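> have a look at this prediction, sequence included:
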Amino acid sequence: VDLCGWRLDLAAELAGARRQDLLDPFGWLRLRVGYGAAATCRLDGREMECPLALCENGRTDEIHTRIWRAQVTAFFPWLETVRQRVVERHGKLLRLGEPQRGSGSPDLSALEFGALAHQLRNRLGRAELEMIDCLGSLRNELAHRRAVKPAILDRALREAQQFDGGV
């Protein structure tokens with residue numbers, strides 16, 4: 001819905017789309033250009049530009065912002081859950097560094113993916129470390145207001161699936 005605006009017909013179609021289309025919603029949208037683009041969409045008196053019209057008019061920055069918003073909504077809570085599970089699973093191997101102690105966050109749950117990867121570098125298997133690095137990259141993209149590229153998103157989801165069915 002974040003991507004499709006008030007075009008609920010598009011949102012419903014995207015919800016039933018193939019995995020590849022969900023990973024690359026911009027590509028999915030581009031394939032629909034010319035099919036019923038309206039300048040704006042309305043819902044309960046609120047107006048939003050139609051994503052198909054944005055594509056037709058070359059307004060890709062707005063599309064990527066919408067994709068980013070949708071990814072933040074969908075993936076940030078999941079990433080935080082995974083990060084907390086990594087902390088719980090490997091807590092005995094982790095220590096708070098000076099930045100965490102000085103920030104007023106005296107508990108291990110404040111450790112970000114980068115700090116987790118650094119501390120666990122020589123203590124975990126390659127696959128789990130790659131997952132932590134990959135999820136850290138995904139989180140950093142989202143935190144810096146960038147839509148995550150389909151290949152990065154696909155890799156993160158596949159790697160996380162190896163651990164506890166998605167960690």
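Yep, that arrived.
> gap between the residue of the chain positioned farthest from its centre and Ala15?
Computed with C-alpha atoms, centre = their mean, the residue of the chain farthest from its C-alpha average is Gly45, at 29.8 Å. Taking C-beta to C-beta, to the nearest Å as the criterion, Gly45 is separated from Ala15 by 24 Å. C-betas here are computed from N, CA, C, even on glycine.
> Ser115 - that's part of a helix, no?
No Ser there; residue 115 is Ala. Yes - assessed by DSSP: H, G, I helix; E, B strand; the rest coil, Ala115 belongs to a helix.
> close enough to count as contact, Ala17 and Trp28?
Yes - with contact defined as C-beta atoms under 8 Å, Ala17 reaches Trp28; the gap is 6.1 Å.
> ranges for the strands of this structure?
With strands called from DSSP state E, the chain shows them at 40-43, 46-49.
> quick one: closest of those strands to Arg126.
strand 46-49 (44.9 Å; C-beta to C-beta).
> the closest one pairs with which strands, parallel or anti?
Using DSSP bridges, the strands paired with strand 46-49 are strand 40-43 (antiparallel).
> for the strand it pairs with, what is the average pLDDT?
For strand 40-43, mean pLDDT is 68.
> before we move on, what about stretch 11-28?
Here the average pLDDT along stretch 11-28 is 93.
> any idea how far it is from the chain center?
14 Å (C-alpha atoms, centre = their mean, to the nearest Å).
> can you give the contact residues for it?
Contact with stretch 11-28 is made by 1, 3-4, 60, 63-64, 67, 70, 147, 150, 153-154, as judged by C-beta atoms under 8 Å, 6 or more residues apart in numbering.
> list buried residues within those.
For the contacts of stretch 11-28, a burial check counting by 16 or more other C-beta atoms under 10 Å picks out 1, 3-4, 63-64, 67, 70, 147, 150, 153-154.
> just the endpoints, please. Distance across stretch 95-108?
Terminal residues of stretch 95-108 are spaced 7 Å apart (C-alpha to C-alpha, to the nearest Å).
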